[in-house]
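S.K.: give me the fold of what follows.
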Amino acid sequence: MSDNSILGKSKIHTAFGIDIGGSGIKGAPVDLRTGEFAADRVRIPTPQPATPDAVAATVAEVVDSFKLRRTVPIGVTFPAVVLHGVAQSAANVDPSWIGTDIEKTLRAATGRRVLAVNDADAAGFAEVEYGAARGVPGLVIVVTLGTGIGTALINDGVLVPNTELGHLEIDGFDAEVRASDAARDREDLSWEQWSERLQRYFSVVENLFWPDLFVVGGGVSKKYQEFLPRLTLRAPIVPAALRNAAGIVGAARLAARAH
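M.R.: Numbers count the residues shown, from 1 in each chain. Sure thing, here's the model as predicted:
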């Protein structure tokens with residue numbers, strides 16, 4: 001816990017973010033002035049099965065790795081549609097989460113007030129606050145390309161939660177079945193072939209929402225030069241800037257706002 005005892009100096013400038021994923025649960029304090037971690041991130045493998053009790057215990061372990069003041073806001077990303085703190089779905093965690101009050105469960109385990117937010121929403125909000133979309137007015141759509149397609153809509157700094165635009169039906173298919181990074185791997189598509197599918201996907205989304213900017217995240221965004229230049233859209237489309245830190249940073253920022 002070498003550098004982890006420095007946190008909680010200010011309830012105004014510091015919040016704590018936790019990113020719950022299928023393979024790992026990661027947490028770090030965030031300096032809200034810069035969007036940077038205020039201490040080294042802690043990662044603990046996600047328990048299997050990832051039931052509410054098991055995940056809550058791991059989240060508490062992550063929180064207890066830091067000497068946080070009781071007033072530090074805590075935000076948690078969750079791989080699900082989250083309505084008023086309750087999971088409506090479950091991706092890469094145990095199905096028993098569906099219908100579970102995430103915030104209540106984690107509050108009981110940590111003894112702290114917790115804000116739960118959809119993982120793509122947290123990452124997208126971070127890009128608007130601190131990353132590739134910082135300072136961009138109007139509508140920003142952040143799209144994460146990975147096992148599926150996650151999306152976040154932020155209009156003039158206001159998050160529209162739980163958009164599931166990866167599940168738009170396009171040409172008779174659920175969009176992420178054909179256009180996710182997993183589809184590229186599964187079908188062994190060339191960059192050119194995959195870009196054609198992305199072109200179709202982003203064109204449909206653009207014609208529905210008319211955004212001012214698209215931001216593309218997910219691990220494949222590291223190779224953005226292989227596919228983004230092939231896309232022709234009205235709005236600019238750029239790679240995400242915060243990478244793997246986005247979920248933690250966005251959750252912390254949203255928790256601070258709610259606090």
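
S.K.: could you use CA atoms for every contact and neighbour count after this?
M.R.: Fine.

S.K.: okay, how far is it across stretch 36-50, tip to tip?
M.R.: By Cα to Cα, to the nearest Å, the extent of stretch 36-50 from end to end equals 29 Å.

S.K.: same check on stretch 140-152?
M.R.: Taking Cα to Cα, the first and last residues of stretch 140-152 lie 8 Å apart.

S.K.: how about residues contacting that stretch?
M.R.: Taking Cα atoms under 8 Å, 6 or more residues apart in numbering as the criterion, the residues outside stretch 140-152 that touch it are 120-121, 123-125, 127-128, 133, 153-155, 159-167, 175-177, 179-183, 211-221.

S.K.: stretch 31-47 now?
M.R.: By Cα under 8 Å, 6+ apart, the list of residues contacting stretch 31-47 from outside reads 3-4, 6-7, 12-15, 20-30, 54-55, 58, 62, 65, 126, 129-130, 249, 252-253.

S.K.: with stretch 157-164 instead?
M.R.: Contacts to stretch 157-164, defined as Cα under 8 Å, 6+ apart, come from residues 81-82, 118, 121, 125, 128-129, 137, 150-154.

S.K.: swap in stretch 207-216?
M.R.: Contact partners of stretch 207-216, identified using Cα under 8 Å, 6+ apart, comprise 132-133, 136-145, 235-240.

S.K.: which of those residues fall in strands?
M.R.: Judged by DSSP state E, the subset of these located in strands is 139-145, 237-239.

S.K.: among these, which two are most distant?
M.R.: Every pair in those was compared (Cα to Cα); the two farthest apart turn out to be L139 and L145, at 19.4 Å.

S.K.: neighbour count winner among these two?
M.R.: Legend: neighbour count by other Cα atoms under 10 Å for L139 and L145, higher for L145 (22 against 19).
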